[in-house]
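Participant: Sequence isn't available, so here's the structure alone:
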DNA sequence: ATAATAAAGGTCAGAAAAGGTCAAAGGAGG
DNA sequence: CCTCCTTTGACCTTTTCTGACCTTTATTAT
């Protein structure tokens, strides 16, 4: 497992016991023997708002980084997801939304994988680049509606 | 025996002891003294979904290729369905396939609805008629693969 | 008070480390 | 010779990681 995933795992497990966690970028970097900016990379790729996290920070002496997990009810999350899709979306963002929905229990892991597959670059290869995002959004919305229907 | 079959043999025997195997494309290529892209050729001609294998990969630092054999049962049925889809399919035929899979217990009703929604006329509105069938087939196959992936 | 200094964290470009694609050359068999 | 399967190489995309440089905040010296 790469450094990024190690750090991400460390943070996730810390978030399991406490619902919000505060840390020092420098300390964490030192603990994992990496460049401090690596921590920013982990945060931006693994703890984005789309994935259901809020990250706040403060610079200067006594600075810190605070990470919080945000969760709403399943129903609300589905609606919120539907609204957030808009008229175009890329595969990575869609996957992040799905991760979030799964974590909140709004969809099952199997449903998440299914939807991700339907919208993957692979599935939509052959669609002109300029139309891909819009098509993905349309498919996504139809699937989310089907989910909301079932639930 | 050609290179392709040698590599295929190597992978198959590794899959005999372990049900899933993870490897580095570069390493394998080096071991067999061939171009890395040769590995892709082996995988696509000898370890396709139609042949009962699921291949996943990841690029970038720490990247890998994972190969899994699908055993008999519902999963294999999904693979067969996948093989039957072909390069183009209309919504009605897709629905028929889904009905069969559901009846056979290979997918849940919820998964069926989800897939149907992803391939619905509604979702694919805006796609030129002459491309719609091919796109639906591609999406369908990716979704079936994702289903087989689960578990 | 003000100015300098120290102590955080932020950004971004670029190198490095994988794997992917595709067209074209090579070979074996009919 | 012709066709199909193999094999390669050039070029591409994705993901990770680092280092140089920047901004913000707190503390300390004048």
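Facilitator: Perfect, thanks for sending it. None of these values were measured; they are calculated from a predicted model.
Participant: Now do the helix ranked longest in chain A against helix B:129-149, angle only.
Facilitator: In chain A, with assignment by DSSP state H, the single longest helix is helix A:129-150. Per axes from the mean of the first three to the mean of the last three Cα atoms, to 10 degrees, the angle that helix A:129-150 makes with helix B:129-149 is 50 degrees.
Participant: starting at the chain centroid, how far to helix A:129-150?
Facilitator: Put simply, helix A:129-150 sits 18 Å off its chain's centre (Cα atoms, centre = their mean, to the nearest Å).
Participant: Same check on stretch A:11-25?
Facilitator: For stretch A:11-25 - counting by Cα atoms, centre = their mean - the centre lies 16 Å from the chain centre.
Participant: Can you name the residues of chain A that neighbour DNA strand C?
Facilitator: Within reach of DNA strand C by Cβ under 7 Å from any atom of the strand, chain A has these residues: A:23-26, A:36-37, A:39-40, A:57-65, A:122. In short, each C-beta sits where N, CA and C put it, glycine included.
Participant: Let's see that with 6 Å instead.
Facilitator: A:24-26, A:37, A:40, A:57, A:59-65 (Cβ under 6 Å from any atom of the strand).
Participant: Could you identify the buried members of those residues?
Facilitator: Among the residues of chain A next to DNA strand C, those classed as buried by neighbour count (16 or more other Cβ atoms under 10 Å in any protein chain shown) are A:25, A:65.
Participant: Check the secondary structure at whatever residue of chain A ends up closest to DNA strand D for me.
Facilitator: The minimum distance from chain A to DNA strand D, using Cβ to the nearest atom of the strand, falls at residue A:60 (2.1 Å). Residue A:60 carries the three-state label coil when classified by DSSP: H, G, I helix; E, B strand; the rest coil.
Participant: Tell me the helix or strand right after the lowest-mean-pLDDT helix or strand in chain A.
Facilitator: Ranked by mean pLDDT, DSSP states H and E, the weakest helix or strand in chain A is helix A:74-85, scoring a mean of 88. If you walk from helix A:74-85 toward the C-terminus, the next helix or strand you reach (DSSP states H and E) is helix A:91-103.
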